[in-house]
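[1] Sharing a sequence plus its predicted fold:
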Amino acid sequence: MARGQLPIFERRSEDNRLMGYQVKIRKKGFPSVSRQFDRYADAERFALDTLQGMTARTWTVRREAERTTLADALDRYKREVTVDKKSAYGEGCLIERLKQTRLAQYSLATIQGSDIAAYRDERSGEGAAANTVRIELALLSHVYTVAASDWGMPIVNPVKQARKPKLPKGRERRLDPRLDNDGKTEEQRLLDACDRSKSRFIAPIVRLAIQTGMRRGEILGLQWEHVDLRHRTAHLPDTKNGESRTVPLSPAARRILVTLSWPKGLKGIVHRVKRCATTIKSPGGGVQVRRQARRGPVFGIGDSGFVHTFQRVCEKAGIEGLHFHDLGRVVS
């Protein structure tokens, strides 16, 4: 029998013992809803929320949020949002890591601010850096933002209800200019390790970063048509902050690109340029030539491959705690 004005019915055994409650909702324009509960308070809350959602025409999308786990949402976010980002590889790895957490098994609608706070404290207890946790929470927060705005799910962002981890003071890592027992600085050891690497791109990339201060993504995305060796500039049409800029090339940086431009010396027919005119000296003499400007990527190596190669080079050089962006703080 129903209790009160809500469609809540008692569930009783054959001997008339109360076993729980069942909500049965039938409303025109919506599919039938049936759910069982042990406590009347839970059944009452579900019935009220469902009826109010149906009246406000938000019930269907709310049900989608209840059926969508965080892991499912992360997969969809990766397919629809991450794929268009410059940091797609790194964020994709982060998403796969988050999918392995206990939190990923909860539905988007059930995760509360207290769950996010517990996750934050758990990660801190595991030794994760505050900035690492902050990045993870920022990603989760944006998943909820996209779910609400693009996917039409009427949900509250629980990440905004939890405190963010306090960040330590900024790091000031530089290549150490002090000499080691062999009379070498960290920069010399790093460049020696780069020269010994099987990758032909790691050495010029590292040297170019030291000379110009360009970011990893900017260097790996550098195109020959944007390099003007004559005027010693490299144009970056799309940087990390979304704006273009032109980087001046020092004589050393220009030499690096000239060497890459003529990997096998002066061979072949020299053409007059059609655009991006380049005037350089022949590696074999002092003759100046003008030739067809090259096109395409300067460095034929992907982001993930370069990250692993740079890590191996640092290990072989005996250098710890060095990030690629630290190279741009050095003036050689």
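    Nice, I can see it.

[2] worst-scoring helix or strand of the chain, pLDDT-wise?
    Every helix and strand in the chain was compared by mean pLDDT, DSSP states H and E; the lowest is strand 288-291, with a mean of 47.

[3] So which other helices or strands are in contact with the next helix-or-strand element following that strand?
    Once strand 288-291 ends, the next helix or strand along the chain (criterion: DSSP states H and E) is helix 303-317. If you count contacts as 3 or more C-beta pairs under 8 Å, 6 or more residues apart in numbering; DSSP states H and E, helix 303-317 packs onto helix 88-98, helix 186-196, helix 202-212, helix 216-220. In short, each C-beta sits where N, CA and C put it, glycine included.

[4] winner for burial among these?
    helix 202-212 (a mean of 22; mean count of other C-beta atoms under 10 Å).

[5] Can I get that one in CSV, CA atoms only?
    The C-alpha trace of helix 202-212 is given here as CSV (Å, rounded to 0.1, in the frame of the first residue of the first chain):
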residue,chain,number,x,y,z
ILE,A,202,68.3,15.5,-28.9
ALA,A,203,71.6,17.5,-29.0
PRO,A,204,70.4,20.3,-31.3
ILE,A,205,67.1,20.6,-29.4
VAL,A,206,68.8,21.0,-26.1
ARG,A,207,71.3,23.4,-27.4
LEU,A,208,68.5,25.5,-29.1
ALA,A,209,66.6,25.6,-25.8
ILE,A,210,69.6,26.8,-23.9
GLN,A,211,70.2,29.5,-26.5
THR,A,212,66.6,30.7,-27.1
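
[6] Switch the helices and strands packed on helix 303-317 over to TSV; also include distance to Phe324 and mean pLDDT.
    Listed next are the helices and strands packed on helix 303-317 as TSV, based on distance: least, C-beta to C-beta, whole Å; pLDDT from 0 to 100:
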stretch	distance to Phe324	mean pLDDT
helix 88-98	12	91
helix 186-196	11	91
helix 202-212	7	91
helix 216-220	5	87
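
[7] and these as CSV, adding distance to Asp75?
    Converted to CSV, those look like this (distance: least, C-beta to C-beta, whole Å):
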stretch, distance to Asp75
helix 88-98, 8
helix 186-196, 38
helix 202-212, 33
helix 216-220, 25
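
[8] out of those, which comes closest to His226?
    If you check each of the helices and strands packed on helix 303-317 against His226 by C-beta to C-beta, helix 216-220 wins as the nearest, at 10.5 Å.

[9] how about low-confidence regions in the chain?
    The chain contains residues with pLDDT under 70 at 1-4, 56-63, 169-171, 240-242, 262-294, 328-332.
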